[in-house]
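Novice: generate a structure from the sequence data that follows.
(chains A and B)
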Number of protein chains: 2
Amino acid sequence: MEIITSLTNKKVKYWNSLNEKKYRDQEGVYLVEGEHLVLEALRRNLVIELIASETYQINYLGDIYYVSDEVLKKISRVKTPQKVMAVVKKQETSRIGDKILLIDDVQDPGNLGTIIRSAVAFNLDTIILGKNCVDLYNNKVIRSSEGMIFNIDIQTKDLTKIIPLLKDDSYTIIGTKVTDGKLLEDYEAPKKWALIVGNEGNGVTPEILNMCDDYLYIKMNEQCESLNVGVATSIILYKLGMSNNE
Amino acid sequence: MEIITSLTNKKVKYWNSLNEKKYRDQEGVYLVEGEHLVLEALRRNLVIELIASETYQINYLGDIYYVSDEVLKKISRVKTPQKVMAVVKKQETSRIGDKILLIDDVQDPGNLGTIIRSAVAFNLDTIILGKNCVDLYNNKVIRSSEGMIFNIDIQTKDLTKIIPLLKDDSYTIIGTKVTDGKLLEDYEAPKKWALIVGNEGNGVTPEILNMCDDYLYIKMNEQCESLNVGVATSIILYKLGMSNNE
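Specialist: The predicted structure follows:
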């Protein structure tokens, strides 16, 4: 078994470059770390190659590179590097289902990952990210999605352009306002809808918010101005998921 | 106006020490950073002294120390230090209301802060932290609570000791299980209840989980094993908050 130990090895440099969005975009691939995520990616047939500690055991017929712990540490972006990583190909589809989440300018990778996880939990069909969102393939997004990034169609689009198309296709565009609009508890979701959620501090861009057909709000104690965006989105998806189909 | 510029000034060392739990415990105080949090603390009359950039303007009759940007940078734990910080006194009460959240071993400060924020939003009366939780006065907890830490009674207790007392006082103890138990949508909350939520990876300690009267689960897509703990807790609090009182 050959083990890569040199931090200046060409492969090592390549893998490490994938921690930057620029190189992920250029190569159309990204890194995932840890057995749980690697197995999810394998299950989806998205793995290009594995990078593993010399002590890691796996039955895998594709390309696998064994590396020293120093090399793993260099590539990893977590405090305690895991024993296995994978180079995974990006997978963008153009399928659009009946239940869509539009994400405008969410900046915190933990929030984006949490939202993706909840979107899968509550049976969303498609997630469309606006151009200003944090990069989907950021390692923190992937980790906080708990691998759910592999289980839902995700696209990146200019939201101001996709929304009119969705409206033409009889989707109801749903926005959120902190106090104004319809009370979430009383809202019956239509058959085809797209929920828009926005930036942590500023909410949804006004131009986009103005395009909505319905506005929802979550009733809460007046001492609390707003909820965390991942929480607010998840509560709405939970409620909308309950109120139509299955 | 006197401006503290020395990084070895006694006060500077003291403030910086409050970034460690040990010193926060010893002194019974903690630091908050940024105008929003400082104003919340002032409104609650919890501020002992302010630390401000020489360019910061505020009408405040109590102790205020002006410091150089280098000093602020040393004390701050955020990338871009804010212009004002405060030393705030810890405030533990022994009041216990009808709607209680028990938190067992949540480790991520962002999750704990988010849960506190949602607990205020959905009208909880009391939060009781188990001994193993991340420190409530960690700066990330305070920031992600968005200042809501000041708006709810929070105590730290041995959960295995408090739960039997709550049961004697006719509280229903509610636990969560990923699939087993009562469906959240159908659950009608009793008058007095205590919800227990647990660790990110391992959930609630088995010993504590066994003490519950009711178990709830959130229906979700089978591709998704679980939700983020902040999200799951918030959805349950949203639902329980709706189903009784106000």
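Novice: domain map for chain A?
Specialist: A:3-89, A:99-243 (automatic domain parsing).
Novice: chain B is nearest to which of those?
Specialist: Among these, domain A:99-243 comes nearest to chain B, with 3.8 Å by CB to the nearest CB. For the C-beta atoms, the positions are set from N, CA and C on the backbone; glycine is no exception.
Novice: and the closest one, how far out from the chain's middle?
Specialist: 12 Å (CA atoms, centre = their mean, to the nearest Å).
Novice: hey, which of the domains of chain A is tucked in deepest?
Specialist: domain A:99-243 (a mean of 20; mean count of other CB atoms under 10 Å in any protein chain shown).
Novice: anything in it near chain B?
Specialist: Yes - using CB under 8 Å from any CB of the partner chain, we find that domain A:99-243 touches chain B at A:110, A:114, A:117-118, A:120-123, A:144, A:146, A:148, A:151, A:185, A:218-221, A:223-228, A:230-231, A:234-235, A:238, A:242.
Novice: before we move on, back to that, just put the domains of chain A in CSV and tack on mean pLDDT and distance to B:I196.
Specialist: Formatted as CSV, these follow (pLDDT from 0 to 100; distance: least, CB to CB, whole Å):
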stretch, mean pLDDT, distance to B:I196
domain A:3-89, 95, 25
domain A:99-243, 94, 19
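Novice: and of these, who's closest to B:Y23?
Specialist: domain A:3-89 (23.6 Å; CB to CB).
Novice: how long is that closest one from one end to the other?
Specialist: When the termini of domain A:3-89 are compared using CA to CA, to the nearest Å, they are 24 Å apart.
Novice: just the residues contacting stretch A:220-234, thanks.
Specialist: Here stretch A:220-234 makes contact (CB atoms under 8 Å, 6 or more residues apart in numbering or on different chains) with A:101, A:106, A:108, A:110-111, A:114-115, A:118, A:121-122, A:176, A:178, A:195, A:197-200, A:218, A:235, B:114, B:117-118, B:120-123, B:144, B:146, B:148, B:151, B:227-228, B:230-231, B:234-235.
Novice: where along chain A do the strands fall?
Specialist: A:3-4, A:29-33, A:47-53, A:64-67, A:84-89, A:99-103, A:126-129, A:153-156, A:172-176, A:182-183, A:193-197, A:214-217 (DSSP state E).
Novice: would you mind getting the angle between the longest helix seen in chain A and strand A:172-176?
Specialist: Longest helix of chain A, by residue count under DSSP state H: helix A:229-243. Here helix A:229-243 runs at an angle of 140 degrees relative to strand A:172-176 (axes from the mean of the first three to the mean of the last three CA atoms, to 10 degrees).
Novice: for helix A:229-243, C-alpha coordinates in PDB please.
Specialist: Extracted C-alpha coordinates of helix A:229-243, given in PDB (Å, rounded to 0.1, in the frame of the first residue of the first chain):
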ATOM      1  CA  VAL A 229     -33.600  31.900  10.100                       C
ATOM      2  CA  GLY A 230     -33.000  28.100  10.200                       C
ATOM      3  CA  VAL A 231     -35.600  27.800  13.000                       C
ATOM      4  CA  ALA A 232     -38.200  30.000  11.300                       C
ATOM      5  CA  THR A 233     -37.800  28.300   8.000                       C
ATOM      6  CA  SER A 234     -38.000  24.800   9.600                       C
ATOM      7  CA  ILE A 235     -41.200  25.700  11.500                       C
ATOM      8  CA  ILE A 236     -42.900  27.000   8.300                       C
ATOM      9  CA  LEU A 237     -41.800  23.900   6.300                       C
ATOM     10  CA  TYR A 238     -43.000  21.700   9.100                       C
ATOM     11  CA  LYS A 239     -46.400  23.400   9.100                       C
ATOM     12  CA  LEU A 240     -46.700  23.600   5.300                       C
ATOM     13  CA  GLY A 241     -45.600  20.000   5.000                       C
ATOM     14  CA  MET A 242     -48.400  19.000   7.400                       C
ATOM     15  CA  SER A 243     -51.000  21.000   5.600                       C
END
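Novice: residues in a beta bridge with A:G203, which ones?
Specialist: A:N199 (DSSP bridges).
Novice: tell me the contacts of the residue nearest to A:T205 when sequence neighbours are not counted?
Specialist: The shortest distance from A:T205 to any non-neighbouring residue, by CB to CB, 6 or more residues apart in numbering or on different chains, is to A:D104 (5.7 Å). The contact partners of A:D104, taken as CB under 8 Å, 6+ apart, are A:130, A:132-133, A:159, A:196-199, A:204-205, A:208.
Novice: again with A:I100
Specialist: A:124-128, A:166, A:171, A:193-195.
Novice: now the residues you listed as a markdown table including distance to B:E49?
Specialist: What follows is the contacts of A:I100, written out as a markdown table (distance: CB to CB, whole Å):
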| residue | distance to B:E49 |
| --- | --- |
| A:L124 | 49 |
| A:D125 | 54 |
| A:T126 | 52 |
| A:I127 | 47 |
| A:I128 | 49 |
| A:L166 | 54 |
| A:Y171 | 54 |
| A:W193 | 51 |
| A:A194 | 50 |
| A:L195 | 45 |
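Novice: the residue nearest to A:T205 and A:T176: what is the separation?
Specialist: 11 Å (CB to CB, to the nearest Å).
Novice: need the residues touching each of these two.
Specialist: By CB under 8 Å, 6+ apart, the residues touching both A:D104 and A:T176 are A:196-198, A:204.
Novice: which of the residues you listed sits closest to B:S53?
Specialist: A:G198 (30.4 Å).
Novice: list the contacts for that closest one?
Specialist: A:104-106, A:176, A:204-205, A:208-209, A:229.
Novice: please redo it, this time with the cut-off set to 10 Å
Specialist: Applying CB atoms under 10 Å, 6 or more residues apart in numbering or on different chains to A:G198 gives the contacts A:102-106, A:130, A:132, A:159, A:175-176, A:204-206, A:208-209, A:229, A:233.
Novice: for A:G113, same thing?
Specialist: A:134, A:136, A:138-149, A:230, B:228.
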